[in-house]
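Participant: have a look at this fold, sequence not included:
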């Protein structure tokens, strides 16, 4: 297989694009694709002050790398979740994120959830009902809250996450299996800051296959954490990804087309705006000021308030 | 495994309903389920004059059987497609449909496509571009046209097809992969006669798993054609069914929930009515009077007009 651009030996063949490329042209192609996505969905400009959520994995570190190469002003945010699981997961991913930042002279904010809120994700998973049912739910809730808080505190105009096409297609597949209007209406490459207290969120890798991002990180020589989060094993999203991978293997491009035709149909007005039933009920959490659909405290503050109650009870006893 | 109702030995265990039943109670349960669907979607009443499209397969013969047991006035329509494929497919299915009708004293209309229009489906498949690409497309087009014509000519108020849940979920899955608004908006258990020349169409088996219908036909002792249509091998719909069967095996009930939550969301207004872009452009075919979105003749009449042109050309030569 030869590179489409220079006829050197190709290092990757992307059946979904009918495109094979050598290392040099692949490393040139990926940032161009990402820039196209940034422009296509009007995500941000060179004047924006960007905050990238960096987990130490291939997607977020590659995203940061691409933004740096494209000349955007992007700081990183690493959230220490306190997950060890016998593989030193959080410490190792922290070390890799820090190493990338130092090597490229970039700013990395570090927020340790245990230091700030008193509990690690592993502890929350054990203590809370929500966590015992679905560890990823507790973790996602915490990360969304903290990312938004740090972005507001730091005056960042846009918050970026490394969600790739496989992530987005799996979420879309899950939303399609249940047809919840508010989820379908809110899924997309850009989540507008349409409520007080919210920072605009974007996903510049949403059109990139997971396999493409892994190839980019490897070929670029980015050191990232290979292990998946231990809590993700057996999760619904991994199951949906496997199912979509089967579809993709049989019909190259099906995953991309599933996601892109959805976005096009949504933009063209497929869904009734009134189907977003959650929209009317959002208000500001009296504790943190972030918008929430729950009465009283938001789910994040409630989760930690429960712990405070427990601690207070122990003191009284 | 014991029957939920009488503790006799169960003949079927439906994980999706957490229900096991003996033969007697299963044969009682299926018609009740179908009657529930008929009422739930206001399909028809005992005053309606029904025409059931009968292919000789398990679904349509079981549907006819259930309607007969529930006391509805339902005649059958068998369309002779002229498919032999070395297994005498059409002749054998005709014989089985006829046998069922005779045994139960029911009226079966028989329409032979070769006798009426000059070509079998096999011949159309060879001659037309559409057919060479997708035989099922030529066949579906022909069946829809003929069913509607016979229903109109016979003064039937409702046309019934034996589409089961697996059929409907596969179509929905295909429509979801491409997000075509007009297909999503028009999919459902009832297709209203909202254009002049159209007869109301309903699918009373839309909530019944294919496996449930096979079990019904076997346990009821209905002789049906076991072979799938030879043209269906390798079709997209079979591929989607396999994918959904994998999902169903891992998550019993997923297929039913996918379809029912879609219907609920649609009823609750998930989609904008304006997304049905085809709606405005329908007009009556000048040849047959059925509604069509094509300019001039409808696709069915055009398909046979081409043949007439060919025959005329041959005469001139």
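Facilitator: Happy to help now that I have it. Just so it is clear, the model here is predicted, and its values are computed rather than measured.
Participant: what pLDDT is listed against the nearest residue to residue A:252 once chain neighbours are set aside?
Facilitator: Nearest in space to residue A:252, with sequence neighbours left out and distances taken as CB to CB, 6 or more residues apart in numbering or on different chains, is residue A:15 at 3.8 Å. Every residue, glycine included, has its C-beta placed from N, CA and C. For residue A:15, the model assigns a pLDDT of 95.
Participant: neighbours around residue A:15, how many?
Facilitator: Neighbour count of residue A:15, defined by other CB atoms under 10 Å in any protein chain shown: 12.
Participant: kindly report the same for residue A:272.
Facilitator: 17.
Participant: contact partners for it?
Facilitator: A:181, B:269-272 (CB atoms under 8 Å, 6 or more residues apart in numbering or on different chains).
Participant: mark which of these are buried, thanks.
Facilitator: For the contacts of residue A:272, a burial check counting by 16 or more other CB atoms under 10 Å in any protein chain shown picks out A:181, B:270-272.
Participant: pLDDT at residue A:258, what is it?
Facilitator: For residue A:258, the predicted pLDDT is 98.
Participant: just the element for it, please.
Facilitator: Using DSSP states H and E, residue A:258 sits within helix A:254-267.
Participant: re earlier: format the contacts of residue A:272 as TSV; extra columns: pLDDT, distance to residue A:36 and secondary structure.
Facilitator: Formatted as TSV, the contacts of residue A:272 follow (pLDDT from 0 to 100; distance: CB to CB, whole Å; DSSP: H, G, I helix; E, B strand; the rest coil):
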residue	pLDDT	distance to residue A:36	secondary structure
A:181	92	30	helix
B:269	95	35	coil
B:270	96	31	coil
B:271	96	30	strand
B:272	94	29	coil
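Participant: which among the residues you listed gets closest to residue B:193?
Facilitator: residue B:271 (20.8 Å; CB to CB).
Participant: neighbours around residue A:235, how many?
Facilitator: So residue A:235, with other CB under 10 Å, has 16 neighbours.
Participant: please identify which helix or strand holds the nearest residue to it once chain neighbours are set aside.
Facilitator: Nearest residue to residue A:235, sequence neighbours excluded (CB to CB, 6+ apart): residue A:136, at 5.7 Å. Per DSSP H and E, residue A:136 falls inside helix A:135-153.
Participant: quick one: contacts of that helix?
Facilitator: With CB under 8 Å, 6+ apart, helix A:135-153 has contacts from A:51, A:53, A:77, A:79, A:81, A:109, A:111, A:113, A:116, A:121, A:124-125, A:128, A:130-131, A:156, A:159, A:161, A:197-199, A:229, A:231-232, A:235, A:237, A:288, A:290, A:298-300, A:303.
Participant: so which of those are in strands?
Facilitator: A:51, A:53, A:77, A:79, A:109, A:111, A:159 (DSSP state E).
Participant: what does chain A have sitting close to chain B?
Facilitator: Contacts of chain A with chain B, taken as CB under 8 Å from any CB of the partner chain, map to A:176-181, A:184, A:239, A:243, A:246-247, A:250, A:254, A:257-258, A:261-262, A:264-265, A:268-272, A:274-275.
Participant: and whichever residue of the stretch 101-250 of chain A sits closest to chain B, how many residues sit next to it?
Facilitator: With CB to the nearest CB as the measure, residue A:179 is the residue of the stretch 101-250 of chain A nearest to chain B, at 3.9 Å. Neighbour count of residue A:179, defined by other CB under 10 Å: 23.
Participant: so it makes contact with residue B:269?
Facilitator: No - between residue A:179 and residue B:269 there is no contact under CB atoms under 8 Å: 12.0 Å.
Participant: gap between the residue of the stretch 101-250 of chain A closest to chain B and residue A:25?
Facilitator: As for residue A:179, its distance to residue A:25 is 42 Å (criterion: CB to CB, to the nearest Å).
Participant: residue contacts, the residue of the stretch 201-317 of chain A found nearest chain B?
Facilitator: Using CB to the nearest CB, the single residue of the stretch 201-317 of chain A nearest to chain B is residue A:265, 3.8 Å away. Applying CB under 8 Å, 6+ apart to residue A:265 gives the contacts B:179-181, B:275.
Participant: where does it land on pLDDT?
Facilitator: 96.
Participant: now residue A:263, nearest residue through space, not along the chain?
Facilitator: Counting by CB to CB, 6+ apart, the residue nearest residue A:263 is residue A:188, at 6.3 Å.
Participant: secondary structure class of residue A:48, three-state.
Facilitator: The three-state label given to residue A:48 by DSSP: H, G, I helix; E, B strand; the rest coil is coil.
Participant: tally of neighbours for it?
Facilitator: 17.
Participant: residues contacting it?
Facilitator: Counted by CB under 8 Å, 6+ apart, residue A:48 has contacts A:72-73, A:157-158.
Participant: quick one: it and residue A:159, what's the gap?
Facilitator: 11 Å.
Participant: what does residue A:284 give?
Facilitator: 18 Å.
Participant: those two: which has the busier surroundings?
Facilitator: residue A:159 (23 against 14).
Participant: which residues in chain A form helices?
Facilitator: Counting by DSSP state H, chain A has helices at residues A:23-40, A:58-69, A:89-104, A:113-117, A:121-127, A:129-133, A:135-153, A:165-178, A:181-186, A:210-220, A:236-250, A:254-267, A:299-316.
Participant: let me have these in CSV, extended by distance to residue B:20.
Facilitator: Converted to CSV, the helices of chain A look like this (distance: least, CB to CB, whole Å):
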stretch, distance to residue B:20
helix A:23-40, 51
helix A:58-69, 46
helix A:89-104, 44
helix A:113-117, 47
helix A:121-127, 36
helix A:129-133, 28
helix A:135-153, 34
helix A:165-178, 26
helix A:181-186, 35
helix A:210-220, 41
helix A:236-250, 27
helix A:254-267, 37
helix A:299-316, 40
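Participant: was I right about residue A:201 contacting residue A:188?
Facilitator: No - checked against CB under 8 Å, the pair residue A:201 and residue A:188 is beyond contact range at 10.0 Å.
Participant: quick one: end-to-end length of stretch A:176-187, please.
Facilitator: 11 Å (CA to CA, to the nearest Å).
Participant: so what touches it?
Facilitator: A:168, A:171-172, A:175, A:262, A:266, A:271-273, A:275-279, B:176, B:254, B:257-258, B:261-262, B:264-265, B:268, B:270.
Participant: mind running it again at 7 Å?
Facilitator: If you take CB atoms under 7 Å, 6 or more residues apart in numbering or on different chains as the criterion, stretch A:176-187 is touched by A:171-172, A:175, A:271, A:275-278, B:176, B:254, B:258, B:261-262, B:265, B:270.
Participant: just the buried ones among those residues, please.
Facilitator: A:171-172, A:175, A:271, A:275-276, B:176, B:254, B:258, B:261-262, B:265, B:270.
Participant: farthest pair within these?
Facilitator: Longest span within the buried ones among the contacts of stretch A:176-187, CB to CB: A:276 and B:254, 24.8 Å.
Participant: burial of residue A:119, as a residue count?
Facilitator: 21.
Participant: distance of the closest residue to it other than its chain neighbours relative to residue A:180?
Facilitator: Leaving aside its sequence neighbours, residue A:119 sits nearest to residue A:307 (CB to CB, 6+ apart; 6.2 Å). For residue A:307, the distance to residue A:180 equals 30 Å [CB to CB].
Participant: the two: which has the busier surroundings?
Facilitator: For residue A:307 versus residue A:180, neighbours defined as other CB under 10 Å are more numerous around residue A:180 (19 against 16).
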